[in-house]
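*Asks:* sequence and predicted structure, then a few things I'm wondering about:
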Amino acid sequence: MAEGMDIFDFELTADQMAGIATTGADRSLFFDHLAPEAAVRAGQRALG
């Protein structure tokens, strides 16, 4: 169990951090937030 608690015992290089910072930064995995049709669909979605 102690082994499972040690999740912060690692370091990332500057290159790894740069890669994480730019991963998917140019697009959404769900929908395009800037597309008008996405706003229309969101407005039509029923809540509840």
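*Replies:* Cool, got the structure.
*Asks:* quick one: list the elements packing against the helix or strand that contains residue 15.
*Replies:* Residue 15 is located in helix 14-22, with elements delineated by DSSP states H and E. Counting contacts by 3 or more CB pairs under 8 Å, 6 or more residues apart in numbering; DSSP states H and E, helix 14-22 packs against no other helix or strand. Every C-beta, even on glycine, is put in place using the N, C-alpha and C of the backbone.
*Asks:* residues in contact with it?
*Replies:* By CB atoms under 8 Å, 6 or more residues apart in numbering, the residues outside helix 14-22 that reach it are residue 12.
*Asks:* what's downstream of that helix, the next helix or strand?
*Replies:* Downstream of helix 14-22 (by DSSP H and E), the next one is helix 36-44.
*Asks:* for that next one, output the C-alpha coordinates as CSV.
*Replies:* C-alpha atoms of helix 36-44 as CSV (Å, rounded to 0.1, in the frame of the first residue of the first chain):
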residue,chain,number,x,y,z
PRO,A,36,-21.6,28.2,-34.2
GLU,A,37,-23.3,24.8,-34.6
ALA,A,38,-21.8,23.6,-31.3
ALA,A,39,-23.4,26.5,-29.5
VAL,A,40,-26.8,25.7,-31.2
ARG,A,41,-26.5,22.0,-30.1
ALA,A,42,-25.6,23.0,-26.6
GLY,A,43,-28.6,25.4,-26.5
GLN,A,44,-31.0,22.6,-27.6
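*Asks:* for it, list every residue counted as buried.
*Replies:* For helix 36-44, burial by neighbour count (16 or more other CB atoms under 10 Å) applies to no residue.
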